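**Student:** Here is a sequence together with a model predicted from it:
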Amino acid sequence: MREVVIIGGGPAGYAAGIYCARAGLAPLLFTGKEMGGQIALTDTIDNYPGFADSVGGFDLSDQMRRQAERFGTEIVQDVVAKVRFTEQPFEVTTANGETHQAKSVIVAAGASYRRLGVPGEERLVGRGVSYCATCDGFFFKDQDVVVVGGGNSALDEAIFLTRIVKHVNIVHRRDELRADKILQNKAMATGKVSVIWDSVVTEIVGDEQVTGARLRNVKTQEERVIETPAVFIFIGFVPNTDLFKGQLDVDETGHLIVDSRQRTNIPGVFGAGDIHDSRYRQVATACGYGVMAALEAQRFLSGV
Ligand code: NAP
């Protein structure tokens, strides 16, 4: 029987692990399929306090993991396939069928890339359709690529791509970017980024590999196919709450509902990070939520 099981190996989960382990709770943490969460796939992080110079996303996440392990967090790279929160002790079952019992659980399972949901997208993933510039940008050296989305992720990833590719065409559905001005300026200063305004991707074209993207101008309804070997999609995230629905309350956007003390509707189950936070979604805030969840789990376990 565990005092606490943590579901999720991103900043929120690792921060919770550090605090629970230092409180002597010997937490068991499941990372999911990949270790490190979204930041492990991010090239550089410039806004996490404590690093006067940039820090690599993978490095930062690796440091967090090792810090959690140093104090005794047991970290297992496995997917949680089933949970039972209806009675104590709670049960957490992994994809390989192992069931663990716990008195408290911190749910920090994060969020996944939102898909466009257009023809060709699913079929051509890994063959030109990508959700990670750091992982796949290399394959499109000196070529013209497309980035979809107008938020901070799209601009961040476009800037990263300019170091590898010839040109980045950002396709955005409005006539104004959502991204912070500093990122917009940085992208434009590269001289390798242009924006196709008021346009949506209606199809990703190609048989074996991506050869283009069909675009529709939402103002004129005009359609055209732009030739490209790669379409990078950064249009936000959807919270990973499917596993918990029916047991934990979620809002209309699918985010976990937690109170100001990270408590879910089930006493002893806490939420932390992108799984509940649709507002800030920063590495620093995810860590903060992880710390709060860990401190509340400690209080719950000691009955105060
Ligand atoms: P986001 O801020 O939600 O932006 C998503 C973008 O995709 C928006 O421009 C949106 O258009 C567009 N979009 C959404 N659904 C679409 C669809 N079906 N078709 C076409 N376009 C669509 O998501 P994000 O950029 O991934 O950022 C997530 C969070 O992480 C944000 O809070 C962000 O600030 C943070 N973040 C921060 C940094 C940084 O500080 N350097 C880096 C990355 C992410 P509209 O604008 O029209 O809604």
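**Tutor:** That came in fine, so what should we check first?

**Student:** Please count neighbours and contacts with C-alpha atoms only from this point.
**Tutor:** Fine.

**Student:** gap between R84 and V107?
**Tutor:** 13 Å (CA to CA, to the nearest Å).

**Student:** what about those two, which has more around it?
**Tutor:** V107 (28 against 14; other CA atoms under 10 Å).

**Student:** Please list all residues in contact with the more buried one.
**Tutor:** With contacts defined as CA atoms under 8 Å, 6 or more residues apart in numbering, V107 is in contact with 6-8, 13, 269-272, 275.

**Student:** Smallest distance to the ligand belongs to which residue of the stretch 1-150 of the chain?
**Tutor:** Nearest to the ligand in the stretch 1-150 of the chain, going by CA to the nearest ligand atom, is G150, at a distance of 3.3 Å.

**Student:** re earlier: narrow the contacts of V107 to those in strands?
**Tutor:** Judged by DSSP state E, the subset of the contacts of V107 located in strands is 6-7, 269-271.

**Student:** Assign the residue lying closest to G268 once chain neighbours are set aside to helix, strand or coil.
**Tutor:** Of all residues not flanking G268 in the chain, S104 sits nearest, at 4.7 Å (CA to CA, 6 or more residues apart in numbering). Taken by DSSP: H, G, I helix; E, B strand; the rest coil, the conformation at S104 corresponds to strand.

**Student:** now H100
**Tutor:** H100 ends up strand, using three-state DSSP.

**Student:** who are the neighbours in contact with it?
**Tutor:** Contact analysis of H100 by CA under 8 Å, 6+ apart lists 1-2, 91-93.

**Student:** By neighbours, which of these wins?
**Tutor:** Of those, with other CA under 10 Å as the count, V92 tops at 22 neighbours.

**Student:** Got the confidence number for the residue positioned nearest the centre of the chain?
**Tutor:** With distances taken as CA atoms, centre = their mean, Q38 lies nearest the centre of the chain, 3.9 Å away. On the pLDDT scale, Q38 is placed at 87.

**Student:** now swap in I196 and tell me
**Tutor:** pLDDT for I196: 98.

**Student:** what's near enough to touch it?
**Tutor:** So I196 contacts 169-172 (CA under 8 Å, 6+ apart).

**Student:** what's the answer for F232, then?
**Tutor:** Contacts of F232 by CA under 8 Å, 6+ apart are 128-133, 145-148.

**Student:** if we go to 6 Å?
**Tutor:** Counting by CA atoms under 6 Å, 6 or more residues apart in numbering, F232 touches 130-131, 147.

**Student:** May I ask you to confirm that it belongs to a strand?
**Tutor:** Yes: F232 sits within a strand when classified using three-state DSSP.

**Student:** Look up how far the ligand lies from it.
**Tutor:** 12 Å (CA to the nearest ligand atom, to the nearest Å).
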